[in-house]
Each structure stands twice: as C-alpha cells, then as structure tokens.
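**Student:** okay, structure incoming, though there's no sequence with it:
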Ligand code: BGC
C-alpha cells in the first residue's frame, strides 16, 4: 500500500513538472505504435510529455493535409513528422525553427551520414531532426508458403512471375496488396528502380527529365507494372498497407512489396525475420536502395511558444544512442546515427545497413523523399489510375505523367 501511494505521488510529480509537446505523425499501425511508445517513454525520462496528434493513413497523406489546415489557421502543432523536400516548403514560408537555434548540431557532420544531412538541410541550415532510415524497395516472402510449395527466392522478374503463378495456383494470394494510390505507386517505384537502374530512376523521378519519363524504357516499366495487378486480391482494394501485411502474417499471401515498417508490424506480432518471413531484394535490384528518412520539424509559434529546453530535449532524445537502437529495432528501420550497436537487430536490418553503406542510394519518390507531397500526390494518382484501369495505355500514361509534372513545376 505504502509503495502504491509513493508511486502515485511520484507519478503526480512527474505530471506536474512534465511539459507537453504536441506531435503530429501517422504512426498508427502495429509496430509503429510500439516505436512511438518508445519515443514517448524516452521523452518522459527527460520530463517531456508527448501529446499525441496521430492521423491514420498510409504514407501520411491525411496527416499532411490536416497539418496544412492547422498551420494555415495559425495553430500548428509543436512538432510534426515532415520529410524530404516538404521540409524546404515549410521552411520557405517561414514556419519552421532552425534546429541550430534549438540544440547544438556541431557533431552532426560526424554522427550522421551525408545523405541524411542533405535531406534535412535547407539553404545551408538544418531544418529537421532525422530519426531513422527505412528501405522501401524490399520484397517480403512468406516462409511457410515458400517452404510448402518448395519455391526458390525470385531473383529475376521472369522467376518472379513464375513463382507468383504457382502461389496463385495453390490457392493463395500471390501479392499482398492493399490497392490504394500510395501502395500502387510503391509497387511501381520498386519495379521502376529495378528495371531502369539508379541513374535513370533519378533522372525520371528526381530530376523529372522529360526524355526519360516518356522513353520506351519507361513505357516498358509501366507495361510490366500492369502485369502485377492480376496477382493482387481485388477484395483488398482500398485497404491500408498493414491490412495487406496481415495477409502475410495469416499465411494468406505469399509475397509483399513494402517498406520495412512492415517488419516492425510483424515483429510486434511476435513474428521473426527469416523464420516467419524473409526479406529479399526486389528482383533484379541487387545493390539498389530506395531510402525513406523520417524526420521531425519544429514549428514557429506566435502565441504559446514551446519552451526551448523542451524542444532541445526532444531533438536530443531523437539522436541519443540508446534511443536510436531501441526505436529503430521496433520500427523496422535502421539507425540514422552512425556507430549504433546493432547486435539485437535481425538479418534484414543488417542487410539494409550494409546496402545503405555500399549500395546505390535513391530517394523514394512515393515516400516524399524526391519531391514535395503536392507533386507526389499527383504522380501517385496517375500511376494508380493506370494500374487499376485495364484500358489505360502505357504510352498515354507516361505522356500524361510528364505533362502533369511540368505543369506543377513550371
Ligand atoms: C513513413 C514511415 C511509416 C510508413 C507507413 C512512411 O511514409 O515514413 O515511418 O511507417 O509511412 O505508415
């Protein structure tokens, strides 16, 4: 009884002294919520209370929309999950605080990989704090189904289609796929990177080079992409990514193309890498790595400013060594900070880490690392419409995509 009273008193004190920080994010699936809870706990240890502003919706489309509304009405949250070129957009309209004003960033050149620093830098200033590195171009295999059907790992697209046929013929769904714009485009991105290679991928989806976007090779990518549709389950149309990943957990589907946040979900369900699911390169993608770096920005506030020490505590926690290990273990990503002890990480994370350090890196355009979310939304809609409309033609689609990109950029 005495202990309980003491505990309650301590909790009360903690509550009185802890300062709230409102954080907008879209980590709402299993694995994501476990990772977020680790962040919440680490912050509480610094006396900072996480005020949760989570918006459901894959890839953060709804979260970013809500953020715009809050910001335009002059009431942004203290912190938000913003990444890639969107950081520059928010900076240029003067809504963000510079990280160098919040905390000491002098060690960043030593502790963060260059590509990560570049991602959070706008006009020479750090404008966001990075937290993790996700790999997007993974193919996940259901071990039980692959064992049962004695299937090899697909390393070429020919073998992939052959295996997909066999899985389908055995009565399983070949590709776990939720069939939303964002998932359709993620599937496309993985295939496009594989078939085009890093250089052409960048020319098309980072530089938006018209010649590459409308090239015969790109038309071929779209045609191959359409072939994947027959292996998805039409009753899954409109379902979120984690519902598709659940088909792997339930042994209903044989394969899934998804970023490694899916691994976070499976692990949170008690599954084990290489025992229950296997991570492999997307066919014909050895050494190619499409990256997605999550980061948080701090909003300039007019009225109730977030106290500096709270902001500093938040920023420093994100990059602290213990937190980097614990959080990324749960999230399915790899640490953004160099030199983190990864003994507890599984084989998939080790592969991701090795490929990140030695492979060819490209920013994932479906995860907002290559363009603003505004442009990304239009692109993923065009790709998805093509995928879901049997009558849609690849040549018209590449021309339309290229035109739409130009119309937005010029
Ligand atoms: C985010 C990940 C998240 C995933 C699915 C991505 O855009 O970067 O952190 O897990 O969406 O919600």
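**Tutor:** Happy to help now that I have it. Please read these numbers as outputs of a predicted model, since none were measured by experiment.
**Student:** neighbours around residue 343, how many?
**Tutor:** When counting by other CB atoms under 10 Å, one arrives at 5 neighbours for residue 343. Bear in mind the C-beta positions are built from the backbone N, C-alpha and C, glycine included.
**Student:** and if you look at residue 403?
**Tutor:** 14.
**Student:** next, the contact list for residue 381, please.
**Tutor:** residue 181 (CB atoms under 8 Å, 6 or more residues apart in numbering).
**Student:** low pLDDT regions in the stretch 251-400 of the chain?
**Tutor:** Counting by pLDDT under 70, the stretch 251-400 of the chain has low-confidence residues at 303-304.
**Student:** residue 20 contacts residue 51, doesn't it?
**Tutor:** Yes. In this structure residue 20 lies within contact range of residue 51 using CB atoms under 8 Å: 4.5 Å.
**Student:** surely residue 178 is within a strand?
**Tutor:** No. According to DSSP: H, G, I helix; E, B strand; the rest coil, residue 178 belongs to no strand; its state is coil.
**Student:** dihedrals phi and psi, it?
**Tutor:** For residue 178, the backbone dihedrals (degrees, to the nearest 10) come out as phi -80, psi -20.
**Student:** any idea how far it lies from the ligand?
**Tutor:** From residue 178 over to the ligand the distance is 11 Å, taken as CB to the nearest ligand atom, to the nearest Å.
**Student:** which SS state does the nearest residue to residue 155 once chain neighbours are set aside fall under?
**Tutor:** In space, and not counting its chain neighbours, residue 155 is closest to residue 283: 5.9 Å by CB to CB, 6 or more residues apart in numbering. Here residue 283 is recorded as coil under three-state DSSP.
**Student:** so residue 283 touches residue 193, yeah?
**Tutor:** No. Using CB under 8 Å as the test, residue 283 is too far from residue 193 to be in contact (11.1 Å).
**Student:** which one's more surrounded, the two?
**Tutor:** Between residue 283 and residue 193, counted using other CB under 10 Å, the more crowded position is residue 193 (28 against 21).
**Student:** that one belongs to a helix?
**Tutor:** Yes. Remark: residue 193 belongs to a helix, assigned using three-state DSSP.
**Student:** any idea how far residue 204 is from it?
**Tutor:** As judged by CB to CB, to the nearest Å, residue 193 and residue 204 stand 10 Å apart.
**Student:** hang on, the earlier thing: spit out the residues that contact residue 283 and residue 193 alike.
**Tutor:** In contact with both residue 283 and residue 193: no residue, using CB under 8 Å, 6+ apart.
**Student:** look up the closest residue to residue 368, ignoring the ones flanking it.
**Tutor:** Nearest residue to residue 368, sequence neighbours excluded (CB to CB, 6+ apart): residue 84, at 4.4 Å.
**Student:** OK, contacts around that neighbour?
**Tutor:** 119, 293, 363, 367, 368, 369, 370, 371, 372.
**Student:** what do you get if the cut-off is 7 Å, keeping everything else the same?
**Tutor:** The contact partners of residue 84, taken as CB atoms under 7 Å, 6 or more residues apart in numbering, are 119, 363, 368, 369, 370.
**Student:** tell me, how many residues neighbour the third one?
**Tutor:** For residue 368, the neighbour count with other CB under 10 Å is 26.
**Student:** spit out the contact partners of it.
**Tutor:** 83, 84, 86, 376.
**Student:** quick check, the last one in contact with residue 365.
**Tutor:** Yes. With the criterion set as CB atoms under 7 Å, residue 376 and residue 365 qualify as a contacting pair; they are 6.3 Å apart.
**Student:** work out for me the element the residue lying closest to residue 153 once chain neighbours are set aside sits within.
**Tutor:** Among residues not flanking residue 153 along the chain, residue 280 sits closest, at 5.2 Å (CB to CB, 6+ apart). In the assignment (DSSP states H and E), residue 280 maps to strand 277-281.
**Student:** what does the protein have sitting close to the ligand?
**Tutor:** Within the chain, the residues that sit near the ligand (CB under 6 Å from any ligand atom) are 26, 32, 58, 59, 60, 134, 261, 292, 294, 367.
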